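Trainee: following is a predicted model, sequence given first.
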Amino acid sequence: NENAKNYFDTAFKLLNNSNDDIENIVIEDLTPLISFETIDGFLAMGDYYIQEYKKDNSEVDFKKATHRYLLVSKIYNQLYLGQRYNESLFTSYNAINERLLTIGLEKPNDVILLSKILNTIENNGSKLMWSKFMFNNQRQQLNIPVIVANEEESVKAQLNFYQNTLINSEENSEEKITLWKSKIYELKNRLSEIQDSIREQNKIYYQFNAQDFDIANVQKALKEGEVIIKYIITDNYLCSFLISKKQIELLPTTNKAQVLNTLKSCLNDLKQRAPNYQPAFKEMKAVLLNQIYYQEYEKLIIIPDGALYYLPFEALFLEEKTPLISYASSLSLYQEQKKIKSTFKNLKVGAFSVSNQNSKLPKASVEINSILKIFDGKVFLNASKEDFLKNANEFNVLHLAMHSKIDEVHPEFSALNFYGEIDNQLFISELYNETLNANMVVLSACDTGTGFYENGEGVISLSRAFNYAGVPSTVMSLWKVDDEATAKKNAATIVDFET
């Protein structure tokens, strides 16, 4: 091992054409060596030093391991360009997180180190969702030339056309399907190019995009009685960071296998509507929250990872007083969502429903009419997709009471079912191309928070698609919901939002 270390250090100096000691190397010195192979090499050397540290408790070895792991993170950040994760990116991200958690668990009381670890994990996480939310939410402040805006709208319209054609067609010709897919790929690239040029030409957006994440800013914005629980799952760990206004704690690793097995039982009980669901949820609470004194807090903000995206944490409390619970897909996104101020002086609800003989949602119209007795707004009974797209931006709260279709194989084909026989489905892929002004969307439909889990990106759901379109808050369901119970619950939800 000692020989291997010396060979690595010598080879590094030769490759880097430098006599500098590795301990003094910064990311700027590594520009010619930015690669996944370099990441693997530095991780291996960090692993060597952490093993040496565990043998004799040498702080010098711990410092060397930490330096290499943090340096690796910066190399990774140079490789990741902010788009959708691929397998290589996720594999490296997972490996780096595992090492960062290892050093964090060795020094659980070192708040400065824990802050560095959190910032590093967040800066290296997927920025796709955050980037799209920021772009769509800030559009009104951007200076976009008319010719560019017109081309963007034209490309979006073509993209929606070809995506709908592909989804709805019964065409069996491989040649035509390949042609449509090729056109979709081409249009997506062109849309990305247009939106990248808009970002580059607007300093407001660029400043947002250029800033590194700092957990201290999130802590400052937290209120007394609020706590963020951020879960991180790697190959060997399931850990949680507990972040309050004055503290950061890294809680010892939970039994990952037990959590995932219990989670399967919980989700199966929900799906089957099992009457005896309590034992599984009690066990889940015991293994997931046993180190967290949640009774001390009025509000929990959950940032899940992996399969935990599918868990409704509210169900863990059963008979107890449930703290307020909200969710975010990342600390970065949560930070920006909290900054959003209402775009309307007074709350104004746009309520869209589909309630007819075929929809089997007899209470949908009752639901939205009861909401409009409390709030200002407008009701769209048996609303078409066109009704929604034309009118949505007149309201700061959107309420959609209708059926949904969830496609777990092709998640971008999941949709909300509006009224009508032709072009009545609003697909996730279409929402990705929309810009919505609302501060909150209530998705009064089944399974709007579920979908296919994608490594590094989270669950590709209808709820996420509205975030993607610029809406900071969504109310969604993780299972089949009762029509009448939902009608009673959602008015109260909007009252809570207003207050």
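Mentor: Great, that's in hand. Numbers count the residues shown, from 1 in each chain.
Trainee: what about stretch 49-59, average pLDDT?
Mentor: Mean pLDDT, computed over stretch 49-59, is 92.
Trainee: now that stretch - C-alpha only, CSV.
Mentor: Extracted C-alpha coordinates of stretch 49-59, given in CSV (Å, rounded to 0.1, in the frame of the first residue of the first chain):
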residue,chain,number,x,y,z
TYR,A,49,-5.5,7.3,3.8
ILE,A,50,-8.9,6.7,5.5
GLN,A,51,-7.8,3.1,6.2
GLU,A,52,-4.5,4.3,7.6
TYR,A,53,-6.4,6.8,9.8
LYS,A,54,-8.6,3.9,11.2
LYS,A,55,-5.4,2.0,12.1
ASP,A,56,-3.7,4.7,14.2
ASN,A,57,-6.1,7.6,14.4
SER,A,58,-3.6,9.9,12.7
GLU,A,59,-5.1,13.3,12.0
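Trainee: residues contacting that stretch, please?
Mentor: Asn1, Asp61, Phe62, Lys64, Ala65, Arg68, Arg99, Thr102, Ile103, Glu106 (C-beta atoms under 8 Å, 6 or more residues apart in numbering). Yep, even glycine has a C-beta here, placed from its N, CA and C like the rest.
Trainee: quickly find the element holding the second one.
Mentor: Going back to what we said before, that points to Asp61. helix 59-79 (DSSP states H and E).
Trainee: helix or strand right after that helix?
Mentor: Next along from helix 59-79, by DSSP H and E: helix 87-106.
Trainee: worst-scoring helix or strand of the chain, pLDDT-wise?
Mentor: helix 483-498 (a mean of 49; mean pLDDT, DSSP states H and E).
Trainee: Ile215 and Met129: what is the separation?
Mentor: Per C-beta to C-beta, to the nearest Å, Ile215 is found 19 Å from Met129.
Trainee: can you classify Lys230 by secondary structure?
Mentor: The local conformation at Lys230, judged by DSSP: H, G, I helix; E, B strand; the rest coil, is strand.
Trainee: which residues touch it?
Mentor: Counted by C-beta under 8 Å, 6+ apart, Lys230 has contacts Leu118, Ser240, Phe241, Ile243, Ile303, Asp305, Leu331.
Trainee: one more pass at 6 Å, please.
Mentor: Applying C-beta atoms under 6 Å, 6 or more residues apart in numbering to Lys230 gives the contacts Phe241, Ile303.
Trainee: specify the beta-bridge partners of it.
Mentor: For Lys230, the beta-bridge partners are Phe241, Ile303 (DSSP bridges).
Trainee: now the biggest helix by length in the chain: buried residues?
Mentor: Counting by DSSP state H, the longest helix found in the chain is helix 174-200. By neighbour count on 16 or more other C-beta atoms under 10 Å, the buried set for helix 174-200 is Trp180, Lys183, Ile184, Leu187, Lys188, Arg190, Leu191, Ile194, Gln195, Ile198, Arg199.
Trainee: that helix - contacts with which helices or strands?
Mentor: Contacts defined by 3 or more C-beta pairs under 6 Å, 6 or more residues apart in numbering; DSSP states H and E place helix 174-200 against helix 146-168.
Trainee: contacts for the helix it packs on?
Mentor: Contacts of helix 146-168 (C-beta under 6 Å, 6+ apart): Trp180, Lys183, Ile184, Leu187, Arg190, Leu191, Ile194, Phe413, Ser429, Glu430, Asn433.
Trainee: end to end, how far does stretch 72-85 reach?
Mentor: Taking C-alpha to C-alpha, to the nearest Å, the first and last residues of stretch 72-85 lie 18 Å apart.
Trainee: neighbouring contacts of it?
Mentor: 27, 34, 38-39, 42-43, 89, 92, 96, 120, 124, 126-128, 131, 456-457.
Trainee: same thing but at 8 Å, please
Mentor: Contacts of stretch 72-85 (C-beta under 8 Å, 6+ apart): 27, 30-31, 33-36, 38-39, 42-43, 46, 89, 92-93, 96, 99-100, 120, 123-124, 126-128, 131, 454-457.
Trainee: please apply the same query to stretch 327-341.
Mentor: Under C-beta under 8 Å, 6+ apart, the answer for stretch 327-341 is 118, 122, 125-127, 129-130, 133-134, 137, 208, 213, 215, 217-218, 221, 228, 230, 301-304, 439, 458, 464, 467, 472-473.
Trainee: just the endpoints, please. Distance across it?
Mentor: Using C-alpha to C-alpha, the two ends of stretch 327-341 sit 18 Å apart.
Trainee: could you shift the numbering so residue one becomes 40, and keep it that way?
Mentor: That works, and once the first residue is 40, the last one we named lands at stretch 366-380.
Trainee: for the record, mean pLDDT for it?
Mentor: For stretch 366-380, the per-residue pLDDT averages 86.
Trainee: list the buried ones in that stretch?
Mentor: Buried residues in stretch 366-380 (16+ other C-beta under 10 Å): Tyr366, Ala367, Ser368, Ser369, Leu370, Ser371, Leu372, Tyr373, Gln374, Glu375, Gln376.
Trainee: equivalent analysis for stretch 326-339, please.
Mentor: Quick answer for stretch 326-339 (16+ other C-beta under 10 Å): Val326, Leu327, Leu328, Ile331, Tyr333, Tyr336, Leu339.
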